[in-house]
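Novice: Provided below are the primary sequence and the corresponding predicted coordinates.
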Amino acid sequence: MLILKNPKIAVPVVLFAGLIWSFGPLVVRYMNDPQLIPWQYIFGRGSTIFILLNLYLFFEEGKDFYKNYFKMGISGLLGGSGLGIAMICFMFSITNTSAAITLLCLAAMPFFTALLAFLFLREKITLNVWISIIIATIGIAIMAIGTDNQNTMVGFIFGITSSVGFSVFSVSLRWRKETPKFTTTAFAGLFCVIFASIMILTNDLVFFSSSYNSALFSLHGTLVCLGLILYSIGSKAIPAAELTLLSLTEVIGGIFWVWLPLFGINEIPTNNTIIGGFFLFVSLTYYSLVMRWNKRHIGLN
C-alpha cells in the first residue's frame with residue numbers, strides 16, 4: 001500500500017478523506033423517505049463497503065488476500081461488530097435528528113475511546129484528558145437538553161451509540177495491533193449485510209428500494225471506502241493530535257453541506273446544538289494539544 005511519509009503531502013490527503021466522508025449526511029438527505037427503508041440502506045451500503053474493500057485488498061495483496069480473515073481473531077470480530085453496529089446506528093440517528101447532532105455525537109469518539117481503553121486495556125487517562133472528557137460531556141449534555149422532540153432524542157441516543165461503536169473498533173485495534181484493519185472494516189460491511197438481511201426477511205420486506213435510492217446507498221458506501229483508503233495512505237505521517245483535528249473536517253463539512261442553501265436541504269442547527277458543539281470543539285482542540293505534546297503517531301494499515 002502506498003504510504004506518504006511527507007506530512008506536507010499527507011495532511012491534504014487526510015483532509016480530503018474527511019471532506020469525502022462529510023458528504024455522507026448530504027447523500028442520506030437526498031434519499032426518498034430514508035426513515036422508511038433503513039434496512040435496505042444498511043444492506044446496500046454494507047454490500048458496497050464489503051465488495052469494494054475486498055477488491056482493494058485483492059489488487060493490493062493478490063489472490064491470498066482472503067487469508068487476512070483468518071488473522072482477525074477475537075479482536076477483529078469484536079472490532080468489526082462494533083463498527084457494524086456504529087454504521088447501523090448512524091442511519092437511525094441521522095434519520096431521526098439533525099445531521100449536526102449526529103455528527104457532533106461522532107466527534108465525541110476520541111473520549112469514548114479513551115474511557116473504553118481505560119476500562120478494558122488499563123490505559124491510563126491523564127488529568128488533561130479527563131479535563132477534555134468533562135468538557136465534552138458538558139457539550140453533549142447541552143445538546144441532549146435541547147432535544148425536546150421525542151424523535152430527536154431517539155436520534156441523539158443512536159448517535160451516541162454509533163460513537164461508542166466506532167470507539168469499540170478503535171480499542172480493538174489497540175488491543176491487538178496486528179489485526180488487519182481493512183479486513184476488519186470489510187467484515188463490518190458483511191456484519192451490516194447479515195444483520196439487515198435477517199431484519200428484512202423477518203419483517204417480510206424487499207431487499208432493494210428504488211433504483212434512485214439504491215444508487216445513493218452505493219454512493220455512500222463508495223464515499224466511505226474512498227475516504228478510508230486515502231486516510232490510510234496519509235495517516236502514518238501525521239501525529240494523532242493532527243489526525244484528531246483533521247478529522248473535524250468530516251463534522252464541519254457534514255454540517256455545512258446540509259445547511260448550505262445551494263444543496264437545497266437548509267438544515268439549520270439549533271442554538272443548543274451550536275453551544276454544545278462549541279464545547280465539543282474546545283474539548284477536541286485541548287485534547288489534540290495534549291496528544292501533540294505526547295508526540296504519538298497512529299496509522300491505519
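Specialist: Received it, and whenever you're ready, just let me know what you need. Residues are numbered from 1 along each chain as shown.
Novice: For the nearest residue to Phe23 once chain neighbours are set aside, give me its contacts.
Specialist: Once flanking residues are discounted, Phe23 sits nearest to Leu223: 5.9 Å by Cβ to Cβ, 6 or more residues apart in numbering. (C-beta placed from N, C-alpha, C; glycine too.) Listed by Cβ atoms under 8 Å, 6 or more residues apart in numbering, the contact set of Leu223 reads 20-21, 23-24, 27.
Novice: CSV please, covering these and showing neighbour count and secondary structure.
Specialist: Below are these laid out as CSV (neighbours: other Cβ atoms under 10 Å; DSSP: H, G, I helix; E, B strand; the rest coil):
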residue, neighbour count, secondary structure
Ile20, 22, helix
Trp21, 25, helix
Phe23, 19, coil
Gly24, 25, helix
Val27, 19, helix
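Novice: from those, which is closest to Gly254?
Specialist: Nearest to Gly254 among the contacts of Leu223, counting by Cβ to Cβ, is Gly24 at 6.7 Å.
Novice: I'd like the distance between the closest one and Val193.
Specialist: 18 Å (Cβ to Cβ, to the nearest Å).
Novice: same check, this time on Leu216
Specialist: In terms of Cβ to Cβ, Leu216 sits 17 Å off from Val193.
Novice: same question for stretch 66-85, mean pLDDT?
Specialist: Average pLDDT, stretch 66-85: 90.
Novice: Now do it: everything it contacts.
Specialist: Taking contacts as Cβ under 8 Å, 6+ apart, the residues outside stretch 66-85 that touch it are 46, 57, 61, 161-162, 165-173, 175-176, 178-180, 182-185, 187-192, 195.
Novice: And stretch 269-278, by the same measure?
Specialist: The contact list for stretch 269-278, computed with Cβ under 8 Å, 6+ apart, reads 98, 100-101, 104, 107, 139-143, 145-147, 255, 259.
Novice: Separate out the buried members of the residues you listed.
Specialist: Neighbour-count burial (16 or more other Cβ atoms under 10 Å) applied to the contacts of stretch 269-278 gives 98, 100-101, 104, 107, 139-140, 142-143, 146-147, 255, 259.
Novice: By pLDDT, give me the weakest of those.
Specialist: Thr147 (66).
Novice: Got phi/psi on the nearest residue to Pro34 once chain neighbours are set aside?
Specialist: Nearest residue to Pro34, sequence neighbours excluded (Cβ to Cβ, 6+ apart): Thr95, at 5.1 Å. Thr95 adopts backbone torsions of phi -90, psi 0, taken as degrees, to the nearest 10.
Novice: Leu36 is in contact with Thr95, correct?
Specialist: No. The pair Thr95 / Leu36 is not scored as a contact, 9.0 Å apart, by Cβ atoms under 8 Å.
Novice: of those two, who's got more company?
Specialist: When Thr95 and Leu36 are compared for neighbours, Thr95 comes out ahead with 22 against 12, by other Cβ atoms under 10 Å.
Novice: Which pLDDT value goes with that one?
Specialist: 91.
Novice: How about the contacts made by it?
Specialist: Taking Cβ under 8 Å, 6+ apart, we find Thr95 in contact with 28, 34-35, 38, 155.
Novice: Distance of it relative to Phe195?
Specialist: 17 Å.
Novice: With Val171 instead?
Specialist: Distance, Val171 to Phe195, using Cβ to Cβ: 21 Å.
Novice: And Arg122, by the same measure?
Specialist: 31 Å.
Novice: between these two, who's got more neighbours?
Specialist: Phe195 (19 against 7).
Novice: my guess is that one contacts Ile88, does it?
Specialist: Yes. Taking contacts as Cβ under 8 Å, Phe195 lies within contact range of Ile88: 6.7 Å.
Novice: who touches both of the two?
Specialist: With Cβ under 8 Å, 6+ apart, Phe195 and Ile88 have common neighbours Ile42.
Novice: what bits of the stretch 201-301 of the chain have low per-residue confidence?
Specialist: Along the stretch 201-301 of the chain, the model assigns pLDDT under 70 to residues 235-245, 290-301.
Novice: change it to 80
Specialist: 232-248, 284, 287-301 (pLDDT under 80).
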